[in-house]
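In: Quick one, fold the following:
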Amino acid sequence: MEDFNDAFEEIASYYDDMFPRDLAEDTRILEPSFKAHGVHTVLDCACGTGVHVAMLAGQGYEVTGSDASDAMLIEARDKLSAQDIDAPLFRAQWSELPQVIPGRFDAVICIGNSLPLAGSDEQVQAALAGMLDMVRPGGVLLIQNRNFDKMEAERPGAVINDSDGGYVIFVFDYRGEMVTYKIFYLPIQAEGGDVTYNEFLMNILTRAKIARMLADLGVKSPTFYGDSHRSRFSRARSPRMIIEVARPTE
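Out: So this is what the prediction gives:
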């Protein structure tokens, strides 16, 4: 599994500048499921710098965060402290969640294309098992990834995104069922800025692959959406893949 401490140590301090979140969109992803399942307690198990922990706490939820990167958790603690938000944070890989974090939650979320970082198919399935084990009976698991079906079909070589802080250039190196994201960040500053480089190995998690892994874990009917408006997932057109797993009431 990826060594998240090494992978995110350099990037953590400017991660939010590179990858700003559309919190209105993220709320649209989460809110319908939260209402349907009577959610009060939430575990953000890829909390990163704490953006969604802060967002959900501000919306009145009782939120816990976890991440596998110490550097990202440092940023999260600073962010929450600055907003006077008291939310517990834990360092844990997804597969370790049941051993590290006490209790179970009404909702477990993994937002922001984080799950593909887990590594091999076996490691992704172990991560899913860890997440599912943290959901109370009657609760819900929500995961948001890139639409890797579309990426696998089109095989883009590079993508350039504008961010609040500058330009982010993604170069993709495909290796079978894995892809390396080579990320160049050019910050816009009055006096100029150095280009930074990071790379992350991602599992190409297609709908079929995710459905198979969930079926192996006993999940019979996950729901797949294609965007924050909960449109039906389309391999060819959807910008996102949002997976909703409702845990039966025991």
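In: in the strand ranked longest in the chain, what counts as buried?
Out: Scanning the chain for the longest strand, with DSSP state E as the assignment, gives strand 135-146. For strand 135-146, the neighbour count (16 or more other C-beta atoms under 10 Å) marks 135-136, 139-146 as buried. In short, each C-beta sits where N, CA and C put it, glycine included.
In: Do me a favour and average the pLDDT over it.
Out: Strand 135-146 comes out with an average pLDDT of 97.
In: what sits up against it?
Out: With contacts defined as C-beta atoms under 8 Å, 6 or more residues apart in numbering, strand 135-146 is touched by 29-30, 33-34, 36-39, 104-113, 115-116, 131-132, 205, 240-250.
In: out of these, which are buried?
Out: Applying 16+ other C-beta under 10 Å to the contacts of strand 135-146 flags 29-30, 33-34, 37, 39, 104-113, 115-116, 131-132, 205, 240-247 as buried.
In: Can you show me the helices along the protein?
Out: Assigned helices in the chain, in chain order: 4-9, 15-18, 23-36, 51-58, 70-82, 97-100, 121-133, 148-154, 207-216 (criterion: DSSP state H).
In: The ones you listed: lowest mean pLDDT?
Out: helix 4-9 (a mean of 73).
In: pretty sure Leu30 contacts Ile109?
Out: Yes. Counting by C-beta atoms under 8 Å, Ile109 is a contact partner of Leu30 at 6.6 Å.
In: Quickly list the domain ranges of the protein.
Out: Residue ranges for the domains of the chain, per automatic domain parsing: 4-146+205-246, 151-201.
In: Quick check: which of these is buried the most?
Out: domain 4-146+205-246 (a mean of 18; mean count of other C-beta atoms under 10 Å).
In: Between all of the buried residues of strand 135-146, which two are separated the most?
Out: Distance extremes for the buried residues of strand 135-146: the farthest pair is Arg136 and Arg146 at 28.4 Å, using C-beta to C-beta.
In: Between its first and last residues, what's the separation in stretch 128-143?
Out: End-to-end distance of stretch 128-143 (C-alpha to C-alpha, to the nearest Å): 10 Å.
In: Check the offset of that stretch from the chain's centre.
Out: Relative to its chain's centre, stretch 128-143 lies at 14 Å (C-alpha atoms, centre = their mean, to the nearest Å).
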